[in-house]
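*Asks:* sequence first, predicted coordinates after that:
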There are 2 protein chains.
Amino acid sequence: MSVYLHDIPLSQAQSRLRQALQDADLWRVLGTEDILLDENALGRITAEPIWAEISSPHYHASAMDGFAVRAVATSGAMPSAPVALYIGPEAQYVDTGDPLPEWANAVIPIENVESLDENDQITKDIRKPRSIRIRAAVAPWSHVRPLGEDIVATQLVLPAGHSLRPADLGAIAASGHQTIKVARKPKVAILPTGTELVPIGSKLKSGDILEYNSLVMAAQVKAMGGEPTRYPITKDDFNLICERVREAAQTHDLVLLNAGSSAGAEDFSSRVVEKLGTLLVHGVAVRPGHPVILGTVDRGPKTDTVHRPSSVVPIIGVPGYPVSAALTVDIFAEPVLAKWLGRRPLELPTETATLTRKLVSPAGDDDYVRVAVGKVGGKLLAAPLSRGAGVITSLVQADGLALLPSGVQGMDAGEQVKVHLYRSRAEIDRTIFCIGSHDLTLDLMAQFLAEHERRLASANVGSQGGLVALRRGEAHLAGSHLLNPETGEYNISYIRQYMPNIPVKVVALVGRDQGLMVRKGNPKGIKALGDLTKPEVQFVNRQRGAGTRVLLDYHLNLMGMSPDSILGYTQEEYTHLGVASAVASGRADCGLGIAAAAQALKLDFVPLFQERYDLVIPKEHAESDLLAPLFELLADSGFQDSVSKLPGYDILVMGKIILED
Amino acid sequence: MSVYLHDIPLSQAQSRLRQALQDADLWRVLGTEDILLDENALGRITAEPIWAEISSPHYHASAMDGFAVRAVATSGAMPSAPVALYIGPEAQYVDTGDPLPEWANAVIPIENVESLDENDQITKDIRKPRSIRIRAAVAPWSHVRPLGEDIVATQLVLPAGHSLRPADLGAIAASGHQTIKVARKPKVAILPTGTELVPIGSKLKSGDILEYNSLVMAAQVKAMGGEPTRYPITKDDFNLICERVREAAQTHDLVLLNAGSSAGAEDFSSRVVEKLGTLLVHGVAVRPGHPVILGTVDRGPKTDTVHRPSSVVPIIGVPGYPVSAALTVDIFAEPVLAKWLGRRPLELPTETATLTRKLVSPAGDDDYVRVAVGKVGGKLLAAPLSRGAGVITSLVQADGLALLPSGVQGMDAGEQVKVHLYRSRAEIDRTIFCIGSHDLTLDLMAQFLAEHERRLASANVGSQGGLVALRRGEAHLAGSHLLNPETGEYNISYIRQYMPNIPVKVVALVGRDQGLMVRKGNPKGIKALGDLTKPEVQFVNRQRGAGTRVLLDYHLNLMGMSPDSILGYTQEEYTHLGVASAVASGRADCGLGIAAAAQALKLDFVPLFQERYDLVIPKEHAESDLLAPLFELLADSGFQDSVSKLPGYDILVMGKIILED
């Protein structure tokens, strides 16, 4: 069946593209332009070495405000034996930057000079005494900036391929240039295709997909130094797409043809490339990204004034999923733009980190995994985020990309993995890693902590999962609301069970209502736990280990209800909002969760219980500078106000110390 | 005498400015604006948290091309026991991204489906068989992207104060926004003042100073996220400057008043600030930078439509020397712009490095020293560059800034120093540190190496200095042309003397002419070494340890001439071009050096000797990957051509191995 793609290894795909560009004389700087030396030159890439036209200073300049003298005339001057110099033939006032008179070869700073005109205040008009007195000799060329001190005409100021920074512009100006030859910005056409796509801001109906890949790709191209053109959405029509690619190829250096590159029914991209030029690659063994297409298309007649060296234009068929799209541009387009601009490809700083959970990876693929990175107890950790290629927020939250190279079938928790960092080490060093149960106040906390030089990264693995992560030293703190069914007490017995021998501090964050979320108007009339066993009621549950799940099981047990009697008991969601959205979408009729989540998705809420949500913090971290702002936050009235405005939240307990070992 | 500035500590100066801004209600985000969500939003700073308006996906979407089914209808399907499903009530074709029919809760990927219509090729029109056959059951929600998988309405997408990256723009669009509220760009007026200043590109006469500080500062402001306005040069006229500051203050958030801030005759800045508002600070104990002025001026009548919270405008009197100016903007303006934009101040990555030479520093000052940074034999080294505040190229060449904090009076060679890095570790790791004698071919080599993923950083300390640096493990290679007066051999005896027990590889780089550089037309008729003793001839020498100096001394000795008989023998320059420029400027009549340097400054050249210039490379580095491209370069015809075009150079010996231990 031809629906399968023929994936080739990443390195092979990259070298095929490179070879095709070399053959077309496109593996080089595309073109140059002379631009004015102003602040808009920032970030442009020098197209040739810059040699100094003039020297700087271009004369012997005084380095101080003072008097130009002949050094030899000062010899012998001492505190006890001052030397007098007459203004005119022997000394001349100079400001900083003034040229030395021909006869002078040194400057005496003004603060080392006394006026001989005894009644004059030297400060009144220091420049016009009749003579001066000095009490120390000066060496030749002291306090002088000799010609060429900074730049000597003909010297290399900057090499070609250099990205211009502010000081570079100054040095170029100082060396006598008014314009600079820089690499022309490569023009990149971005063509979103897909009948299901609608523009940003559209009113959505089921099946509509917001087209924002072209936005992300345009911003990527811009950040890489290219000049993007976003085309309007083209529907899935072979001839229309051909027409638009042909049009784009006439006036651009690279065409990014988005979506339609999977093996599905709407796969026109490879056929378009075959029709208009040469298909080089269809399918690359890289995750995310698989259905990448690489090729060249014929340029056709010239319709702009830009010089282009070749009659073909490279085209990249970019997969439709947003994460795949962004990574495809990084992996395939970036090195091409770098070559065209004459700069080095961008490179992210790389660190080695400890993987927090097992990863499975197809052995043949180069697998890029988005990870959160944090430093806990001196150890750099990489926590894998969602691997769905459709989850753009995983790119937003990612602190880096872990690479599982082809040949590696997977990695175990605890193994060392290479991570390309999106953030600086300083940012990572001030990141508080929070794991465990999800609560809406954590979003607010993240926002407030950002104002206090801390970044909160949180991963939702349920209350028990959080305690286990703390035991393994994989987080700074965990949110937990685990009820002990025997004592009615929260968290403490679980802490002792899951993390024995680790001294902790437990602080209450909030009291909150738990109850049943139901659709607006409660169409199935669900009022109590007992209603969950009705045959027409579809329930949605939280995952095992979640505090809310423990709470449910506790009450089911109290009431003698069997989980088997509840339709959907085994259907699990990982967050309160996940449960709410399952109810909102009709996938379930109700689920247990918090009031805020119900309100967020415009659901009705049937309150059943109040519970306490605590922060569990190993003592070692509780006493660290890193976490200090978090404790301040618990007493911050602005934060308390914001939390108390969330429905179903009670801040009476906030900051109360529940346990301190 | 009031000409002395009253320097206050840096931290105190910063906190005075901050306090004044707080008092004026200016220590906060200045203002916000709603901008369209397009690629120009890149790098803008979010002014408020971004919460999701909609969920993404906003319906249950198929994650594959395939058939939507009810999971329960597939149960029991096995390779040996296929299950048939009728198209319509039991299975419906969906493309990736399509909504699931109401009744479906899973998708079977197309590659796991067989058509029951035996004679049909499933590939012909897979979407329209009458029924399908499957040989494996699917779990509920497999191959489905449930509503909210990426984003759940109401969740925090991005916090305030976040600098927007490409993927962020996608996530904002996906969460239902068409515009974003970002911090308004602070408007910064840049006013260059000084009668001696002339615009970039002017024909220069003695005493003219090219005004490029405003260019560097504008580029800095732009890079920091502000909007710079460069004013034309204002001459040193108190009233004119006042008028222009007043005008700038009406329409800007910050005024940078450049130059005129030294204690000299042209010091108007502090008086201007005093007249128009409040002088907060005059002089800060920071090097370079000392004569910094901080204050506020009254805004005056409003002449633009921008909302500004205060009736005063901060003003920074920026010192005139280019390095001081750039660092003043980094130290004082950057944190203010960061606050106004709501982002964190920029921070450079910091590393600890070993200082290669002693540094003296006033104990009371925060002293920022530009350093070259390289990794030699696993050790990170910081080599101090020129400390002249007028040497803008020292900022261009700097790999980082070493901070000698106030309280530290200096540091010895070998001490550990904190360095704020301008370059990434990857860049530093591919830097070849070359030290020793200067030769023009090193500039060409730097340019060629840049094309081969290497950066050449060279420091000129003379041939002997280079060998000493190699012994101390402070460079990868040294350029050397040390003649042994007894054997007529180059370098080897010196290598054995200065770096005993270090195995080396010595490779010839070039043969070159040494001779006397004289002014055009040779006005003093200098033809041979003997002419140097004429009383009207002023000589300029190279520093002790330089190969050219050794050569001179050798020949003086052969001819029985005494150094004392040469006027200017003790006047030392550190490079060939330094000597050439001393001759060109008239500071000396002649000096010994190479032909290329004479030609560069349009001097005549009297050839006297030919000599060999070698590269001395410790074996440990000669065999490293880092230096491999350097050896390739010596055989590269493009490089050889470029070198042979330099006057007085001979490439016959290039690449010849002189010694290999």
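*Replies:* Great, that's in hand.

*Asks:* excluding its backbone neighbours, what's nearest the most centrally placed residue in chain A?
*Replies:* Nearest to the geometric centre of chain A sits residue A:422, at 4.9 Å (C-alpha atoms, centre = their mean). Spatial nearest neighbour of residue A:422, chain neighbours left out: residue A:400 (5.3 Å); criterion: C-beta to C-beta, 6 or more residues apart in numbering or on different chains. C-beta coordinates here come from the backbone N, C-alpha and C atoms, glycine included.

*Asks:* and the one you found, how many neighbours?
*Replies:* 24 (other C-beta atoms under 10 Å in any protein chain shown).

*Asks:* so it touches residue A:381, yeah?
*Replies:* No. Under the criterion of C-beta atoms under 8 Å, residue A:400 is not in contact with residue A:381, lying 11.2 Å apart.

*Asks:* overlap in contacts, those two.
*Replies:* Common neighbours of residue A:400 and residue A:381, counting by C-beta atoms under 8 Å, 6 or more residues apart in numbering or on different chains, are residue A:373.

*Asks:* the residue nearest to the centre of chain A: what's it in contact with?
*Replies:* Shown in contact with residue A:422 (C-beta under 8 Å, 6+ apart): A:348, A:398-401.

*Asks:* where's residue A:30, which helix or strand?
*Replies:* Residue A:30 belongs to no helix or strand when assigned by DSSP states H and E.

*Asks:* which strand or helix spans the nearest residue to it once chain neighbours are set aside?
*Replies:* The shortest distance from residue A:30 to any non-neighbouring residue, by C-beta to C-beta, 6+ apart, is to residue A:340 (4.4 Å). Element membership of residue A:340 [criterion: DSSP H and E] is helix A:334-341.

*Asks:* how about residue A:448?
*Replies:* Per DSSP H and E: helix A:441-450 holds residue A:448.

*Asks:* roughly how far does the residue nearest to the centre of chain A sit from residue A:289?
*Replies:* Residue A:422 sits 18 Å away from residue A:289, going by C-beta to C-beta, to the nearest Å.

*Asks:* cool, and residue A:382?
*Replies:* 20 Å.

*Asks:* now the residue nearest to the centre of chain A: how far from residue B:348?
*Replies:* Distance from residue A:422 to residue B:348, by C-beta to C-beta: 17 Å.

*Asks:* Provide the backbone phi and psi angles at residue A:490.
*Replies:* Phi and psi for residue A:490, reported as degrees, to the nearest 10, are phi -100, psi 140.

*Asks:* tell me if I'm right that it and residue A:616 touch.
*Replies:* No. Contact criterion C-beta under 8 Å: residue A:490 and residue A:616 do not qualify, at 10.4 Å.

*Asks:* any residues in contact with both of those two?
*Replies:* Contact criterion C-beta under 8 Å, 6+ apart; residues shared by residue A:490 and residue A:616: residue A:480.

*Asks:* more crowded one of the two?
*Replies:* residue A:616 (29 against 22).

*Asks:* SS state for that one?
*Replies:* strand (DSSP: H, G, I helix; E, B strand; the rest coil).

*Asks:* returning to what we had before: of the contacts of residue A:422, which is the nearest to residue A:528?
*Replies:* For those, the minimum distance to residue A:528 (C-beta to C-beta) is 42.7 Å, reached by residue A:398.

*Asks:* burial count for the closest one?
*Replies:* Around residue A:398 there are 24 residues (other C-beta under 10 Å).

*Asks:* ok, it to residue B:507 distance?
*Replies:* Remark: distance between residue A:398 and residue B:507 (C-beta to C-beta) = 47 Å.

*Asks:* and what of residue A:287?
*Replies:* On the measure of C-beta to C-beta, residue A:287 and residue B:507 end up 46 Å apart.

*Asks:* now do the contacts for residue A:426.
*Replies:* Applying C-beta under 8 Å, 6+ apart to residue A:426 gives the contacts B:347, B:349-350.

*Asks:* compare those residues and tell me which is most surrounded.
*Replies:* Busiest of the contacts of residue A:426 [other C-beta under 10 Å] is residue B:349, holding 16 neighbours.

*Asks:* so what's the closest residue to it other than its chain neighbours up against?
*Replies:* In space, and not counting its chain neighbours, residue B:349 is closest to residue B:421: 5.0 Å by C-beta to C-beta, 6+ apart. Contacts for residue B:421 (C-beta under 8 Å, 6+ apart) come out as B:348-351, B:373, B:399-400, B:428.

*Asks:* helices and strands around the helix holding residue A:340, which ones?
*Replies:* Helices and strands touching helix A:334-341, as assessed by 3 or more C-beta pairs under 8 Å, 6 or more residues apart in numbering or on different chains; DSSP states H and E, comprise helix A:10-23.

*Asks:* buried residues in the helix it packs on?
*Replies:* Buried residues in helix A:10-23, counted by 16 or more other C-beta atoms under 10 Å in any protein chain shown: A:10, A:13-14, A:16-17, A:20-21.

*Asks:* parallel or antiparallel, list what pairs with the helix or strand just after it.
*Replies:* Using DSSP H and E, the helix or strand that directly follows helix A:10-23 along the chain is strand A:32-36. The pairing partners recorded for strand A:32-36 under DSSP bridges are strand A:179-183 (antiparallel).

*Asks:* check which residues of the strand it pairs with are buried.
*Replies:* A:180-183.

*Asks:* got it, and stretch A:475-485?
*Replies:* A:475-483.

*Asks:* please apply the same query to stretch A:599-618.
*Replies:* A:599-601, A:603-606, A:608, A:611-618.

*Asks:* the residues you listed: which ones sit near chain B?
*Replies:* When C-beta under 8 Å from any C-beta of the partner chain is applied, the members of the buried residues of stretch A:599-618 adjacent to chain B are A:600-601.

*Asks:* what's the farthest-apart pair in the buried residues of stretch A:599-618?
*Replies:* Going by C-beta to C-beta, the pair spanning these furthest: A:604 and A:618, at 39.7 Å.

*Asks:* burial count for residue A:402?
*Replies:* When neighbours are defined as other C-beta under 10 Å, residue A:402 has 23 of them.

*Asks:* against which helices or strands is the host helix or strand of it packed?
*Replies:* Using DSSP H and E, residue A:402 sits in strand A:400-404. Helices and strands touching strand A:400-404, as assessed by 3+ C-beta pairs under 8 Å, 6+ apart, comprise strand A:350-355, strand A:366-376, strand A:379-384, strand A:416-421.

*Asks:* show me the helices in the stretch 151-300 of chain A, by range?
*Replies:* With DSSP state H, counting those that start in this stretch as the criterion, the stretch 151-300 of chain A has helices at A:166-174, A:213-223, A:238-251, A:269-276.

*Asks:* possible to save those as TSV with mean neighbour count, mean pLDDT and distance to residue B:188?
*Replies:* Shown next, in TSV, are those (neighbours: other C-beta atoms under 10 Å in any protein chain shown; pLDDT from 0 to 100; distance: least, C-beta to C-beta, whole Å):
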stretch	mean neighbour count	mean pLDDT	distance to residue B:188
helix A:166-174	26	97	13
helix A:213-223	25	98	23
helix A:238-251	18	95	37
helix A:269-276	22	92	47
